[in-house]
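J.: build me a model from this:
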Amino acid sequence: MTNPQAQRLDPIREKYFGPLERTEVLGSWIFGGAAILSIIVVVVEKTSFPRGYNLIQGAFVLLVLGLFVVGQVSRLYFSPRAEDKRREDFLSNALNVNLTHERTIGYYNNNESILIRKMGLNVLENTHFTKAIALEMVKIVRLVSGVYIAIWLILIFNRDTDLGLISAAAQAVFSEQVISRWLRMEWLRIRSENIFRELHRAFLSNPASHVLDAQILEAFSTYEASKLSASIVLSTRIFDRLNPSLSQEWEDIKVSLTP
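T.: Residues are numbered from 1 along each chain as shown. Down below sits the predicted model:
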């Protein structure tokens, strides 16, 4: 998150967020398999194909258990570990200390000498990137969720649809991977936009130093809490694609904040 021409190094990204992203992908594949099997279970006649029916039921149960395990490992281990390392790097840069030896290079580049103001600019930079990346991600999630909801509604309003099929579709639509993920992503995007807007206004209004310090600390804690609550992994692919334009925008924002 800096000048596009600057040298970059981010040891935290691959070492800690890489496993988290791969776990999220694995969970998505397991969810897809479980959703398909839940529909097949309804279609297959138990009396006509008892062996096949039992195999499908067993596979479905295993996938559901696998999805639970992957979800818990992601939320309780990989995600906190990655966020802790990112926060250590953030505070190390903002406060000129070494909380970790795994430091990014070229991702925070404001020249503010007052440490609390430097932290505020770092938060501003983070939310600038987060709101833009989350917006691009949610466009795809909106489409996918819309398709799931549309299929579910079609099944509901079709009087000939088996209730078991409607139930299976409902389990998929209202799972963590569809509606919940969409709402959490929208929530993170909105929170990031609000934090950016309020902190940007605080810098522009130039209040008393103790007031600005409190606003910066509030913005930092709110942003970190929002990330943890949303539990959304920002897309590396979208970050790489948007990084040049967002970095240039950030340079313009910094200039506008210069007294």
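J.: what residues are up against Ser229?
T.: 184, 187 (C-beta atoms under 8 Å, 6 or more residues apart in numbering). The way it works is simple: take the backbone N, C-alpha and C, and place the C-beta from them, glycine included.
J.: could you rerun that using 10 Å?
T.: Neighbouring residues of Ser229 by C-beta atoms under 10 Å, 6 or more residues apart in numbering: 184, 187-188, 191.
J.: could you dump the helix or strand harbouring it to CSV, C-alpha only?
T.: Here Ser229, judged by DSSP states H and E, is contained in helix 209-230. C-alpha atoms of helix 209-230 as CSV (Å, rounded to 0.1, in the frame of the first residue of the first chain):
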residue,chain,number,x,y,z
SER,A,209,-4.1,17.2,19.3
HIS,A,210,-5.7,15.2,22.1
VAL,A,211,-9.0,15.0,20.2
LEU,A,212,-7.3,13.8,17.0
ASP,A,213,-5.3,11.2,19.0
ALA,A,214,-8.6,9.8,20.4
GLN,A,215,-10.2,9.7,17.0
ILE,A,216,-7.2,7.9,15.6
LEU,A,217,-7.2,5.3,18.3
GLU,A,218,-10.9,4.8,17.9
ALA,A,219,-10.5,4.3,14.2
PHE,A,220,-7.7,1.8,14.7
SER,A,221,-9.7,-0.3,17.2
THR,A,222,-12.9,-0.1,15.2
TYR,A,223,-11.1,-1.2,12.0
GLU,A,224,-9.4,-4.1,13.7
ALA,A,225,-12.6,-5.2,15.4
SER,A,226,-14.5,-5.0,12.1
LYS,A,227,-12.0,-7.3,10.4
LEU,A,228,-12.2,-9.9,13.1
SER,A,229,-16.0,-9.7,13.2
ALA,A,230,-16.4,-10.0,9.4
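J.: can you give me the buried ones in that helix?
T.: Across helix 209-230, burial judged by 16 or more other C-beta atoms under 10 Å covers 212-213, 215-216, 219-220, 222-224, 226-227, 230.
J.: of the contacts of Ser229, closest to Glu136?
T.: Leu188 (12.7 Å; C-beta to C-beta).
J.: run a quick neighbour tally on the closest one.
T.: Per other C-beta atoms under 10 Å, the neighbour tally for Leu188 reads 24.
J.: rewinding a little: highest neighbour count among the contacts of Ser229?
T.: The contacts of Ser229, ranked by neighbours (other C-beta under 10 Å): first place Leu188, 24 neighbours.
J.: how is the residue positioned nearest the centre of the chain assigned, secondary-structure-wise?
T.: Nearest to the geometric centre of the chain sits Ile232, at 2.1 Å (C-alpha atoms, centre = their mean). Under the three-state scheme (DSSP: H, G, I helix; E, B strand; the rest coil), Ile232 adopts coil.
J.: from Arg13, how far off is it?
T.: From Ile232 across to Arg13, the span is 16 Å (C-beta to C-beta, to the nearest Å).
J.: which residue packs closest to Pro19, ignoring adjacent ones?
T.: Spatial nearest neighbour of Pro19, excluding adjacent residues (C-beta to C-beta, 6 or more residues apart in numbering): Phe78 at 5.4 Å.
J.: pretty sure the one you found belongs to a strand, no?
T.: No. Counting by three-state DSSP, Phe78 is not part of a strand but helix.
J.: wait, isn't it in contact with Lys85?
T.: No. Between Phe78 and Lys85 there is no contact under C-beta atoms under 10 Å: 11.0 Å.
J.: mind listing the helices for the stretch 1-150 of the chain?
T.: Here the stretch 1-150 of the chain has its helices, by DSSP state H, counting those that start in this stretch, at 11-12, 18-43, 50-73, 79-95, 115-157.
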